[in-house]
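Chemist: Build me a structure from this.
(chains A, B, C and D)
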There are 2 protein chains.
Amino acid sequence: MPYPAKTDRKAILAAALEQVARDGLAALSLRSVAATLGLAPNALYRYFADRAALEAALAEESQRQLFGVLQTAVGRKPPEAAIRGLARAYVRFARDKPQLFALTLLPSVAEAGSEPAHIAMWRFVQQQVSNLYGARQTPEAAVALWAFLHGMTALEAAGVLGSQKPTSSFEFGLQLWIAAAPPAIHQPSTSRG
Amino acid sequence: MPYPAKTDRKAILAAALEQVARDGLAALSLRSVAATLGLAPNALYRYFADRAALEAALAEESQRQLFGVLQTAVGRKPPEAAIRGLARAYVRFARDKPQLFALTLLPSVAEAGSEPAHIAMWRFVQQQVSNLYGARQTPEAAVALWAFLHGMTALEAAGVLGSQKPTSSFEFGLQLWIAAAPPAIHQPSTSRG
DNA sequence: GTCTATATGCGGATAGAC
DNA sequence: GTCTATCCGCATATAGAC
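Modeler: Numbers count the residues shown, from 1 in each chain, chains lettered A, B, ... in the order given. Next comes the predicted model:
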């Protein structure tokens, strides 16, 4: 083999993800990724059809990472604590890795045979919400919670809050959402039946 | 004068805004704007230092437009109806002009001597919220509402809601937020004291 | 079948002529 | 204030070395 593989999907994704986390998706260039890996400027086209394909793979990876963070934050906590942990982890992820977080809502492409991360993540979130809200209002409540959390990250990232402390608004909205949960379902701590 | 002025800031902004509304900010090119105006590729640099300056001016304009829409939606409605109208208008603006709306949270630069649109808009929103919530919790409540609305637009635009109807979640979250307003202040319809 | 070399087109930005 | 000319960086695409 005169030209053994110098790289693979995994290495490319790792290098690209590092650059995105540092400079943002818009600043990403296939050339710089190739350079990092010691390759010709366009060697990556063998692994990704075009820039869009690479971006989709990066989006998938960002969603996997966010999902992992949320799972860790929830752990085996009872419903309300689980939601609080999840909410805090979501906002923190967005704050700590803003460039990565921006990929979270982009169209993604999972590797063949594996479930897209955003599907599994959304199912997970809905499960946590249903533990607190019951099945009836879960879809609406879950979307509303997600929207609130995502909006908070967007406002904070945009810097439009100015002197306004994000934390107090975060607590305000989250408390408001939790307080609206049906009290009957609020009691049992986990869904073990 | 061998080279009389063929254009001005206003004409450039109008042409650029039209292209942004159609194809998005990322697809905007100074060249295409110049071509639309019948100018050399770099003639715009006389009016804007660089692309970023043009983008900031476009952001300012988008914020002015959004502010106008919100003002119209509120009109002289009583507090709760004003909030509902404002919320609906915000989401509708984002849905109808997504590319323009995306400029709304970008750093903007107002023309010399005039107040930045986002400042005036935020003051306006807080006034509407205070009519319903009273002064005490207004800052937190206003940010929480804005975050929820913005998040809804982001989720809808990203297409992550799938079969989930956005409207029901919108109503759910909005109702939840309104119901949390202090009932004592909920009564008087306007602040005329 | 992976990599290199190369050509083309597009966009941002600057220098200097008029 | 506009023009021509030019440089740079990036993405796409193809031909050819090995």
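Chemist: What average pLDDT does stretch A:111-123 get?
Modeler: Stretch A:111-123 carries an average pLDDT of 94.
Chemist: can you tell me the distance between the two ends of that stretch?
Modeler: End-to-end span of stretch A:111-123 (Cα to Cα, to the nearest Å): 19 Å.
Chemist: List of residues touching stretch A:80-94?
Modeler: Applying Cβ atoms under 8 Å, 6 or more residues apart in numbering or on different chains, the external contacts of stretch A:80-94 come out as A:65-66, A:69-70, A:72-75, A:77, A:100-101, A:125, A:128-129, A:131-132, A:145, A:149-150, A:152-153, A:156-157, A:166, A:170, A:174, A:178, A:181, A:186. C-beta coordinates here come from the backbone N, C-alpha and C atoms, glycine included.
Chemist: Break chain A into its domains for me.
Modeler: A:1-48, A:59-186 (automatic domain parsing).
Chemist: How far does the last one sit from its chain's centre?
Modeler: It refers to domain A:59-186. Distance of domain A:59-186 from its chain centroid, counting by Cα atoms, centre = their mean, to the nearest Å, is 8 Å.
Chemist: which ones are touching the residue nearest the centre of chain A?
Modeler: When Cα atoms, centre = their mean is applied to chain A, the residue found nearest the centroid is A:Leu66 (3.5 Å). Taking Cβ under 8 Å, 6+ apart as the contact definition, A:Leu66 lies against A:90, A:93, A:101, A:104, A:117, A:121.
Chemist: Can I get the strand or helix carrying it in PDB, CA atoms only?
Modeler: Element membership for A:Leu66 (DSSP states H and E) is helix A:51-74. This file holds the C-alpha atoms of helix A:51-74, laid out as PDB (Å, rounded to 0.1, in the frame of the first residue of the first chain):
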ATOM      1  CA  ARG A  51     -18.300  20.600   4.300                       C
ATOM      2  CA  ALA A  52     -22.000  20.100   5.100                       C
ATOM      3  CA  ALA A  53     -21.400  16.400   5.800                       C
ATOM      4  CA  LEU A  54     -18.600  17.200   8.200                       C
ATOM      5  CA  GLU A  55     -20.800  19.800   9.900                       C
ATOM      6  CA  ALA A  56     -23.600  17.300  10.300                       C
ATOM      7  CA  ALA A  57     -21.200  14.800  11.900                       C
ATOM      8  CA  LEU A  58     -19.900  17.500  14.200                       C
ATOM      9  CA  ALA A  59     -23.500  18.400  15.200                       C
ATOM     10  CA  GLU A  60     -24.200  14.800  16.000                       C
ATOM     11  CA  GLU A  61     -21.100  14.700  18.200                       C
ATOM     12  CA  SER A  62     -22.100  17.900  20.000                       C
ATOM     13  CA  GLN A  63     -25.500  16.400  20.700                       C
ATOM     14  CA  ARG A  64     -23.900  13.200  22.100                       C
ATOM     15  CA  GLN A  65     -21.800  15.300  24.400                       C
ATOM     16  CA  LEU A  66     -24.800  17.300  25.600                       C
ATOM     17  CA  PHE A  67     -26.800  14.200  26.100                       C
ATOM     18  CA  GLY A  68     -24.000  12.700  28.200                       C
ATOM     19  CA  VAL A  69     -23.800  15.900  30.400                       C
ATOM     20  CA  LEU A  70     -27.600  15.800  30.900                       C
ATOM     21  CA  GLN A  71     -27.500  12.100  31.900                       C
ATOM     22  CA  THR A  72     -24.800  12.700  34.400                       C
ATOM     23  CA  ALA A  73     -26.600  15.700  35.900                       C
ATOM     24  CA  VAL A  74     -29.800  13.700  36.300                       C
END
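Chemist: Does that helix reach DNA strand C?
Modeler: No - judged by Cβ under 7 Å from any atom of the strand, helix A:51-74 stays clear of DNA strand C, getting no closer than 11.8 Å.
Chemist: check whether that helix contacts DNA strand D.
Modeler: Yes - counting by Cβ under 7 Å from any atom of the strand, DNA strand D is contacted by helix A:51-74 at A:51-52.
Chemist: Pull out the buried positions in that helix.
Modeler: A:54-67, A:69-70, A:73-74 (16 or more other Cβ atoms under 10 Å in any protein chain shown).
Chemist: What's the end-to-end length of stretch A:94-102?
Modeler: 8 Å.
Chemist: repeat for stretch A:106-118
Modeler: Using Cα to Cα, the two ends of stretch A:106-118 sit 10 Å apart.
Chemist: Quick check: buried residues in that stretch?
Modeler: A:106, A:108, A:110, A:116-118.
Chemist: Equivalent analysis for stretch A:129-138, please.
Modeler: Residues of stretch A:129-138 classed as buried under the neighbour-count rule (16+ other Cβ under 10 Å) are A:129-133, A:137-138.
Chemist: Let me have those in TSV, extended by distance to DNA strand D, pLDDT and secondary structure.
Modeler: Converted to TSV, the buried residues of stretch A:129-138 look like this (distance: Cβ to the nearest atom of the strand, whole Å; pLDDT from 0 to 100; DSSP: H, G, I helix; E, B strand; the rest coil):
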residue	distance to DNA strand D	pLDDT	secondary structure
A:Val129	39	98	helix
A:Ser130	42	97	helix
A:Asn131	43	97	helix
A:Leu132	44	96	helix
A:Tyr133	44	95	helix
A:Gln137	44	94	helix
A:Thr138	40	96	helix
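Chemist: Those residues: which two are farthest apart?
Modeler: The distance between the two most remote of the buried residues of stretch A:129-138 (Cβ to Cβ) is 12.6 Å, for A:Asn131 and A:Gln137.
Chemist: which outside residues touch stretch A:109-118?
Modeler: Counting by Cβ under 8 Å, 6+ apart, A:53, A:56-57, A:59-60, A:63-64, A:66-67, A:104, A:108, B:160 sit against stretch A:109-118.
Chemist: Endpoints of it, how far apart?
Modeler: 10 Å.
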